[in-house]
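A.B. asks: What shape does this take:
(chains A and B)
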Amino acid sequence: MSQARPAKGTRDFSAAEVLRRRYVVGVLQSVFERYGFAPLETPSFENLETLMGKYGEEGDRLIFKILRSGDFMKSVANPTQPKASELADKALRYDLTVPFARYVAQNAGVLAMPFRRYQIQPVWRADNPQKGRFREFYQCDADVVGSTSLWQEVELVAMYHEAFATLGLDVVVRVNHRGLLAGIAEVAGLGDRLIDFTVALDKLDKVGAEGVRSEWRDRGFTEAQCAALEPALTASGGIQDTLTQMGKWLSASEVGTKAVAELTWLVERAGRTGNIALDVTLARGLNYYTGCIFEVQATDVAMGSVGGGGRYDNLTGIFGVPGLSGVGISFGLDRIVLCLEERNRMPNPASGPQVLVVQFSEAEADYAFAVATDLRAAGIRTVMYPEPAKIKKQFDHAERIGAQWVALAGASEQAQDTVQLKNLHTGEQHLVSRSALGEFRWNQGA
RNA sequence: GUGAUUGUAGCUCAGCUGGUUAGAGCGCCGGAUUGUGGUUCCGGAGGUCGCGGGUUCGAACCCCGUCAUUCACCCCA
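C.D. replies: Numbers count the residues shown, from 1 in each chain, chains lettered A, B, ... in the order given. This next block holds a predicted model:
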């Protein structure tokens, strides 16, 4: 086994893979831009304090920290037990939302609000890899800040629907509202245990109702509290029914009631653009969400979510700019690619050379190169064989690099200013004059 | 961080209850009258059996450790 391999959780992308990823990115970009989002790129690493504490305790653990430069150890107070901040002061970005919030806070005075940006860049997490899960992966985010209108949510869901419809992947956009969860916690008397409640509830589809109940108990909820939460486990049926149920159950809670109203309004409009589902068990880990939350699930592929997002009312507050509400969505590029491949919905765009120009002898190479230049000028992807190897070898090479045509351009062709074009698929051969290469039908016999 | 799994040629793998110079297919390189490929035939190169210890007359095989892979948990895209 070779020791030459990429680092854990990372991968190389071959030509074919790069092209497939570009295809997906292209679809997302075009959707983002049609909805008026402008691109933004931020650095791959940020100051450590910019990232720490934004993703919860678990998230902090998964941040890739970058060792300080220089002889930093000499300033460490206790070298046997250095503090993390003494060893590292920078970290690779963990997601695109926090760097975006940092950017908005920094430029709050000059950005036209509401401000819409999209961002397609890799992020890094020091997680253990598994299926569809990497330590370096791409996120494709679209966020809008500076507007509390629910129309933003409607548009973002429409973007999900449009993008996945274009890609040909069947998905459902699951919707929930942090206020709904907060309302449940309130009426069940959970106090500040909202996170414990939601993290367990989120696993309903995985571990079942009994699994959730026992996790609640493990997390220290009383039997009375568990009993009070019971309606959260049984909420099902139509979206409208569920909303009605929830409205009654949470009528004593102000946040709960408001959340139900918002969901009712959103669901009516978001349901027009595609498949959506109300899922009161949807929690999502990132604890900066405050309003509607989304998660996109491929319906025909066993895969974690292929996208997620939600509203966060005060993300820039921690960077000193309070009162800016934002809402955003994220597409998981790597997982989308995996899903499309599994569903055979991935096109295979051509990129390799179309023509290989054979080199017969060193004396004839100048003419071969002139022909190659003509071909390239005509927009044909062309490779000239670099040495006068055996013809069989040159043909083999043409086959292997996927070229459909071999161009034979030696002394006899030069005498007539022509080139022989042989189709490797059909075996047909055409004698074409150099001046007519631009009109040649390269796709014949493909 | 936890649990399990796997690690033999470039790739996919075989290798019996431990027993000589560790095999196959594919791939790679070369050749079969050197301006026309794919098929076929012939020949060739290529392995510290992940690494380090231990048991044994003898270890790819058994034991311990370690590293790496994959899958799952936690968490998440």
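A.B. asks: From now on I want contacts and neighbour counts done on CA atoms only, so please keep to that.
C.D. replies: Noted.
A.B. asks: shouldn't A:Ala91 be in contact with A:Ile66?
C.D. replies: Yes: taking contacts as CA atoms under 8 Å, A:Ala91 lies within contact range of A:Ile66: 5.1 Å.
A.B. asks: between the two, who's got more neighbours?
C.D. replies: Using other CA atoms under 10 Å as the criterion, A:Ala91 and A:Ile66 rank with A:Ala91 on top: 21 against 16.
A.B. asks: Which pLDDT value goes with that one?
C.D. replies: Note for A:Ala91: predicted pLDDT of 93.
A.B. asks: Show me where the stretch 101-250 of chain A has its strands.
C.D. replies: Applying DSSP state E, counting those that start in this stretch to the stretch 101-250 of chain A gives strands spanning A:115-124, A:136-145, A:171-177.
A.B. asks: Would you mind getting the angle between the first one and strand A:136-145?
C.D. replies: The one in question is strand A:115-124. 160 degrees (axes from the mean of the first three to the mean of the last three CA atoms, to 10 degrees).
A.B. asks: try the shortest one
C.D. replies: Computed by the same axes, to 10 degrees, the angle separating strand A:171-177 from strand A:136-145 equals 50 degrees.
A.B. asks: Strand A:171-177 pairs with which strands, parallel or anti?
C.D. replies: If you go by DSSP bridges, strand A:171-177 pairs up with strand A:276-278 (parallel), strand A:292-298 (antiparallel).
A.B. asks: quick check, it touching RNA strand B?
C.D. replies: No: Strand A:171-177 does not reach RNA strand B (CA under 7 Å from any atom of the strand); its nearest approach is 11.3 Å.
A.B. asks: tell me the average confidence for that strand?
C.D. replies: Strand A:171-177 comes out with an average pLDDT of 93.
A.B. asks: now do stretch A:266-274
C.D. replies: Mean predicted lDDT for stretch A:266-274 stands at 94.
A.B. asks: Which one, of the strands paired with strand A:171-177, ends up nearest to RNA strand B?
C.D. replies: Ranking these by proximity to RNA strand B (CA to the nearest atom of the strand) places strand A:292-298 first, at 6.7 Å.
A.B. asks: any idea which helix or strand comes after the closest one?
C.D. replies: Using DSSP states H and E, the helix or strand that follows strand A:292-298 in sequence is strand A:307-312.
A.B. asks: does the longest helix along chain A come close to RNA strand B?
C.D. replies: If you go by DSSP state H, chain A has its longest helix at helix A:15-34. No: Helix A:15-34 does not reach RNA strand B (CA under 7 Å from any atom of the strand); its nearest approach is 13.7 Å.
A.B. asks: In contact with the residue nearest to A:Asp141 when sequence neighbours are not counted, which residues?
C.D. replies: In this structure, A:Asp141 finds its nearest non-sequential neighbour in A:Ser330, 4.3 Å apart by CA to CA, 6 or more residues apart in numbering. Going by CA atoms under 8 Å, 6 or more residues apart in numbering, A:Ser330 touches A:139-142, A:307-309.
A.B. asks: hang on, the earlier thing: mean neighbour count added to the strands of the stretch 101-250 of chain A, as CSV?
C.D. replies: Output for the strands of the stretch 101-250 of chain A, formatted as CSV (neighbours: other CA atoms under 10 Å):
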stretch, mean neighbour count
strand A:115-124, 21
strand A:136-145, 23
strand A:171-177, 24
